[in-house]
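Enquirer: Return a 3D structure for these sequence lines:
(chains A and B)
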Amino acid sequence: MSTLANPIPNTTTSIVVGKNARRRHYGTHIFLTVMAIMWLIPLVWALFTALRPKADTDKFGYFSFGGSFNFDNFITAWTQGGFSKYLLNSVLITVPSVLGTLLFASMMAFAVSRVSWKFNITLLIMFTAGNLLPPQVLAAPLFEMFKHLTLPYSFSDSGNLLNTYISVIAVDTAFQIGFCTFVLSNYMKALSSDLTEAALVDGAGIWRQYWNIILPLCRPALAALGTLEVIFIYNDFFWPLLFIQSGDRLPITTAINNLQGEFLSNYNLLAAGATITVIPTLIIYLVLQRQFVAGLTLGSSKG
Amino acid sequence: MSTTAAKPAGAGSEPGAAGQTTAGKRQLSSGRRTGKAGKVRRLTRRDKLVLGIMVGVPTLIQLLLVWLPTVFSIALSFTRWNGLDLSDLKGAGTDNYRFVVQDYPPFWPAVQHNVLWLVFLALIATPLGLLLAVLLDQNIRGTKIYQSIFFTPVMLSLALIGIIWQLFYNRDSGLLNYLLGTAGTPAAVDWFGNSNINIWAAMVAATWRHAGYVMILYLAGLKGVDPSLREAASIDGANAVQTFFRVVFPAMRPVNIVIVVITIIESLRAFDIVYVINRGTNGLELLSALVIQNLVGEGQVIGVGSALAVILLVISLIPIVFYLIRTFGKESKA
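Expert: Numbering: from 1, shown residues only, chains lettered A, B, ... in the order given. Here you go, the predicted model:
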């Protein structure tokens, strides 16, 4: 703000401009540093609390450096708190959902962007709009549909689709297809038409055009979307909350809410659980930051 | 392997959403040319079958798990049902809506909170994100580090953000009361527990994430603005503020639209964070949370929950339709 309020008069000589610019950046740095520290405080506080044994914080207070620092809370959360199990559940839900989303969305995007058909725009609108709906709008019917769909007990111990990973995977996939279709169709439209025309002359069918020509060219977009979707689905709190009743089948993001109730007064353990939940996203962020940001900006349509 | 493959994506998308959209539009003409080559009726029978499956399967998933439930929600909102047996389903006319609007105490507070949430995101979080983007767009030292820091919360789920801020806000163990010097005294504030202030505390936590999101989109948008526009403005004697508000900001129109839509939709979708704090009660009522309270509570009043869901749907359709017209309006006309 202060920097914007301090504009450079256009008549000034270059020396003054240079001086002004330097002063401007000085103020900018102070502002940004203060903001950055404020931004990091909640995370650092969670980590700080997680590293201290409860006995020490009880004795010295949470706002102190007294006592020891160790990973005991993490070990307790991992073994007794069931975080190893929850993390596995997250993987079991996220991997099929992301692969399914990318497969279906790329097929759909290929059809609407590379083949001319009068319903192309209609379908694309339907897919894009579906992704923007608040999930709560669909909650009751989906819950009842899954509850009333009778399945053999050998397939699901609830006798229906509730309390299964498949229910969450299916709905996550359905919900994310819209967004990915929108992004991929824009990407595919931008690919030269000569590519598929040449293939057509060579007698390549639709599937070969899709699988062998277009899809490999979309690899950058698929990598970006894949990263983004892993984060989105890993972070999904709502669908598992709605569909899964057994605590031991919950993915980590939803399970941590239960932990909050279980360890009501043990904030150290809760902080350790929160930190464990952050770690996978942080790793993805550090390794694939480029893809993640690319994915977000590729389809800044995301709601 | 994926990193090298994805390099062009990073470079290609750096110019941002603005550049992306113009690229999309430019491609439209060539897309039409493709169209001729790929007309449906010029395809063989086998290709038509393949194409049918490629379109059919995703469309079926989408219809079955997104649009059919939406229609069911509307239908259920005019019924009374306990969710047990389909034969228990009874018509209720507009009773559920009348009940929600007239006799359901949390309804109007929830509407107010949703509006407040939107106003807060629109007036505080979004401008903050824009400000950060403008500051970081100048070639200042350490810009990447700042960006990474502001962007970190965007990676986290709103549910987890609720927990992390719970640790920060807590009355007895939270950092904030220590920093204010009120910890352990009767003046200590339970930021998430006090029904007068918890909505503000929750909105601050939501801002933590939203501002970073807006920042990253605007950073991409700013890179996509043609530098000659700025040069022309400065030659014409515009100062930095004038250049930004009269030239750069309007030039980012596609990004602005996306941000407006995201801000509205995020405020309607806010659910995870209040549900984690106290299931959306005691000062944190939101429409989305009320829907779920009516569906999973002991009472299971599906009709009332669905009526609330339909109200949420109707409100959400405003930004959704606005966005779809902006995005697809030109294409279908062309």
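Enquirer: Next up, identify which helix or strand whichever residue of the stretch 151-300 of chain A sits closest to chain B is on.
Expert: Residue of the stretch 151-300 of chain A nearest chain B, by CB to the nearest CB: residue A:220 (3.0 Å). (Each C-beta comes from the backbone N, C-alpha and C, glycine too.) Taking DSSP states H and E as the criterion, residue A:220 maps to helix A:219-234.
Enquirer: so what secondary structure elements neighbour that helix?
Expert: helix A:83-114, helix A:165-189, helix A:267-298, helix B:2-13 (3 or more CB pairs under 8 Å, 6 or more residues apart in numbering or on different chains; DSSP states H and E).
Enquirer: what's the following helix or strand past that helix in contact with?
Expert: Next helix or strand after helix A:219-234 toward the C-terminus (DSSP H and E): helix A:238-243. By CB atoms under 8 Å, 6 or more residues apart in numbering or on different chains, the residues outside helix A:238-243 that reach it are A:93, A:135-136, A:139, A:142-143, A:146, A:161-164, A:167-168, A:171-172, A:250-251, A:253-254, A:257, B:271-272, B:275, B:292, B:296.
Enquirer: how far is helix A:238-243 from where the chain is centred?
Expert: 16 Å (CA atoms, centre = their mean, to the nearest Å).
Enquirer: before we move on, what about stretch B:185-193?
Expert: Stretch B:185-193 sits 31 Å away from the centroid of its parent chain (CA atoms, centre = their mean).
Enquirer: which residues does residue A:158 contact?
Expert: By CB under 8 Å, 6+ apart, the contact set of residue A:158 is A:164, A:245.
Enquirer: what's the angle from the helix or strand harbouring residue B:265 to helix A:267-298?
Expert: Using DSSP H and E, residue B:265 maps to helix B:253-269. Between helix B:253-269 and helix A:267-298, the angle comes out at 150 degrees (axes from the mean of the first three to the mean of the last three CA atoms, to 10 degrees).
Enquirer: next one: helix B:253-269 to chain centre, how far?
Expert: 6 Å.
Enquirer: Repeat that for stretch A:233-241.
Expert: Counting by CA atoms, centre = their mean, stretch A:233-241 comes out at 10 Å from the chain centroid.
Enquirer: Now do residue B:23, the pLDDT please.
Expert: pLDDT for residue B:23: 40.
Enquirer: What degree of burial does residue B:184 show, as a neighbour count?
Expert: Residue B:184 has 13 neighbouring residues, counting by other CB atoms under 10 Å in any protein chain shown.
Enquirer: Can you list the low-confidence ranges for chain A?
Expert: A:1-24, A:263-264, A:299-303 (pLDDT under 70).
Enquirer: And it, split by domain according to the record?
Expert: Domain assignment of chain A by automatic domain parsing yields the ranges A:11-50, A:79-297.
Enquirer: circling back to that earlier point, which of the residues in the helix holding residue B:265 are buried?
Expert: Of all the residues in helix B:253-269, those buried under the rule 16 or more other CB atoms under 10 Å in any protein chain shown are B:254-269.
Enquirer: quick revisit: among the domains of chain A, show me which one is buried the most.
Expert: Mean neighbour count, computed with mean count of other CB atoms under 10 Å in any protein chain shown, is highest for domain A:79-297 among these, reaching a mean of 21.
Enquirer: Return the distance of that one from the chain's centre.
Expert: The answer for domain A:79-297 is 9 Å, by CA atoms, centre = their mean.
Enquirer: quick one, strands of the stretch 51-200 of chain B?
Expert: Applying DSSP state E, counting those that start in this stretch to the stretch 51-200 of chain B gives strands spanning B:79-80, B:90-91.
Enquirer: May I have stretch A:68-84 exported as CSV, CA atoms only?
Expert: Only the C-alpha atoms of stretch A:68-84 are listed here, as CSV (Å, rounded to 0.1, in the frame of the first residue of the first chain):
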residue,chain,number,x,y,z
SER,A,68,12.9,-31.3,26.1
PHE,A,69,12.2,-31.5,22.4
ASN,A,70,11.6,-34.8,20.8
PHE,A,71,9.5,-36.8,18.3
ASP,A,72,7.6,-38.8,20.9
ASN,A,73,4.2,-37.2,20.0
PHE,A,74,4.8,-38.1,16.3
ILE,A,75,5.5,-41.7,17.3
THR,A,76,2.5,-41.9,19.5
ALA,A,77,0.2,-40.4,16.8
TRP,A,78,1.7,-42.7,14.2
THR,A,79,1.3,-45.9,16.2
GLN,A,80,-1.5,-45.4,18.8
GLY,A,81,-3.3,-42.6,17.0
GLY,A,82,-3.5,-44.8,13.9
PHE,A,83,-2.0,-42.3,11.5
SER,A,84,-0.1,-45.0,9.6
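Enquirer: Name the surrounding residues that touch stretch B:96-109.
Expert: B:77, B:78, B:80, B:281, B:285, B:290, B:303, B:304, B:306, B:307, B:308, B:311.
Enquirer: Go again with 6 Å.
Expert: Here stretch B:96-109 makes contact (CB atoms under 6 Å, 6 or more residues apart in numbering or on different chains) with B:77, B:285, B:290, B:303, B:304, B:307.
Enquirer: Between the residues you listed, which sits nearest residue A:209?
Expert: Using CB to CB, residue B:77 comes nearest to residue A:209 of those, at 45.0 Å.
Enquirer: and the strands of the stretch 51-200 of chain B, which is most packed in?
Expert: strand B:79-80 (a mean of 18).
Enquirer: Need the contact partners of that one.
Expert: Looking at what lies outside strand B:79-80 - CB under 6 Å, 6+ apart - the contacts are B:89, B:90, B:91, B:92, B:303.
Enquirer: Mind picking the one among those residues that's closest to chain A?
Expert: residue B:303 (9.3 Å).
Enquirer: quick revisit: where among the strands of the stretch 51-200 of chain B is the average confidence lowest?
Expert: Lowest mean pLDDT within the strands of the stretch 51-200 of chain B: strand B:90-91, at a mean of 80.
Enquirer: Name the surrounding residues that touch that one.
Expert: With CB under 6 Å, 6+ apart, strand B:90-91 has contacts from B:79, B:80.
Enquirer: Describe which strands that strand pairs with in its sheet and in which direction.
Expert: With DSSP bridges as the test, strand B:90-91 is paired with strand B:79-80 (antiparallel).
Enquirer: any idea how far the partner strand is from the chain center?
Expert: With CA atoms, centre = their mean, you get 31 Å for strand B:79-80.
Enquirer: for the chain, what's the longest helix?
Expert: Going with chain A. helix A:14-50 (DSSP state H).
Enquirer: let's do chain B instead
Expert: If you go by DSSP H, chain B has its longest helix at helix B:302-333.
Enquirer: what residues does the stretch 51-200 of chain B put near chain A?
Expert: B:51, B:54-55, B:58, B:61-62, B:65-66, B:69, B:72-73, B:83, B:135, B:140, B:146, B:149-150, B:155, B:157, B:159-160, B:163-165, B:167-168, B:173, B:175, B:178 (CB under 6 Å from any CB of the partner chain).
Enquirer: Just the buried ones from the residues you listed?
Expert: Here, 16+ other CB under 10 Å leaves B:51, B:54-55, B:58, B:61-62, B:65-66, B:69, B:72-73, B:83, B:135, B:146, B:149-150, B:155, B:157, B:159-160, B:163-165, B:167-168, B:173, B:175, B:178 buried among these.
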